[in-house]
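# Return atomic coordinates for the entry below.
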Amino acid sequence: RAGLVGEADGSTLFLDEIGELPAELQTHLLRVLDAGGDYQRLGESRRRSADLRVIAATNRPLAGLKGDLAARFTLRLEVPGLDARREDIPLIARHLLRRAAAHDPTIRARFFDERGDPRLAPELVRALVRRPYTTHVRELDALLWAALTGSPRDQVELTPEAEAGAGEPREAPVDASPVARREPTREEVAACMERHHGVQ
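All right, here's what the predicted structure looks like:
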């Protein structure tokens with residue numbers, strides 16, 4: 001098989017969570033990242049070359065990477081956490097809600113206005129902006145799901161579940177699944193099955 005490097009020849013290879021890659025595997029990337037892009041397919045003796053751009057992401061300190069591997073990533077972009085850019089939280093929250101609405105038309109029908117903007121209660125936005133974050137966007141997403149599933153009207157409100165989560169930061173990420181909050185009623189299950197034409 002061509003493998004990831006072979007498939008990416010002439011394009012870009014994205015390596016997510018490169019900081020989790022064991023040190024012995026990091027050394028295998030060194031030849032690929034050099035100018036020639038040399039690599040070998042597993043079990044093949046012939047050397048190949050690939051012309052590719054490699055982009056990597058990690059939430060670990062760069063000191064966790066082998067020095068010679070980290071040195072080959074010459075351009076670096078550090079994305080600050082939500083605590084360092086609180087003014088972005090309402091914008092990110094709107095984006096996350098639009099993403100949820102793209103997968104579930106009932107969310108769009110209930111919580112979005114005619115322009116396609118989510119209706120957010122000011123109290124919820126204030127609580128989200130003031131909250132200290134530990135898992136950042138995942139945590140914000142989970143809080144929004146808690147608010148979505150508990151909001152009784154047509155706007156996303158600061159529900160008791162979301163308010164409890166918007167206080168002190170949690171040790172572990174909150175499960176973003178709305179199903180984990182409470183058991184659905186028989187009517188909700190039937191309506192969901194009907195919406196999805198019986199596909200479970």
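# which stretches of this protein have low pLDDT?
Within the chain, the ranges that satisfy pLDDT under 70 run 166-181.
# so where do the strands sit in it?
12-15, 38-39, 48-49, 53-56 (DSSP state E).
# and residue 189, which of those is closest to it?
Closest to residue 189 of the strands of the chain, according to Cβ to Cβ: strand 12-15, at 37.9 Å. Using the backbone N, CA and C atoms, a C-beta is placed for each residue, glycine as well.
# and the closest one, what does it pack onto?
strand 53-56 (3 or more Cβ pairs under 8 Å, 6 or more residues apart in numbering; DSSP states H and E).
# then the strand it packs on to CSV, C-alphas only?
C-alpha atoms of strand 53-56 as CSV (Å, rounded to 0.1, in the frame of the first residue of the first chain):
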residue,chain,number,x,y,z
ARG,A,53,4.4,19.4,3.1
VAL,A,54,4.1,18.1,6.7
ILE,A,55,1.9,19.9,9.2
ALA,A,56,1.8,18.6,12.8
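# Residue 196: which of the strands of the chain is closest?
Closest to residue 196 of the strands of the chain, according to Cβ to Cβ: strand 12-15, at 31.3 Å.
# Let me know how buried residue 34 is, in neighbour terms.
Summarising burial for residue 34: neighbours were counted as other Cβ atoms under 10 Å, giving 10.
# I'd guessed it sits against residue 69; true?
No. When contacts are counted by Cβ atoms under 8 Å, residue 34 is not listed as touching residue 69 (11.2 Å).
# just to revisit the earlier point, of all the strands of the chain, which one is nearest residue 86?
Taking Cβ to Cβ, strand 53-56 is the member of these nearest to residue 86, at 27.5 Å.
# So which bits of that closest one are buried?
Of the residues in strand 53-56, 54, 56 count as buried by neighbour count, 16 or more other Cβ atoms under 10 Å.
# Quick one: residues in contact with it.
With contacts defined as Cβ atoms under 8 Å, 6 or more residues apart in numbering, strand 53-56 is touched by 11-16, 18, 29, 32-33, 73.
# Format the residues you listed as CSV; extra columns: neighbour count.
Below are the contacts of strand 53-56 laid out as CSV (neighbours: other Cβ atoms under 10 Å):
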residue, neighbour count
11, 10
12, 9
13, 17
14, 12
15, 14
16, 10
18, 22
29, 21
32, 20
33, 17
73, 16
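# Now flag whichever of those residues is closest to residue 101.
Distance to residue 101, by Cβ to Cβ, is smallest for residue 16 among the contacts of strand 53-56, at 25.4 Å.
# The closest one is in contact with residue 57, isn't it?
Yes. Using Cβ under 8 Å, residue 16 is in contact with residue 57, at 5.3 Å.
# Work out which residue lies at the spatial centre of the chain.
residue 138 (6.3 Å; Cα atoms, centre = their mean).
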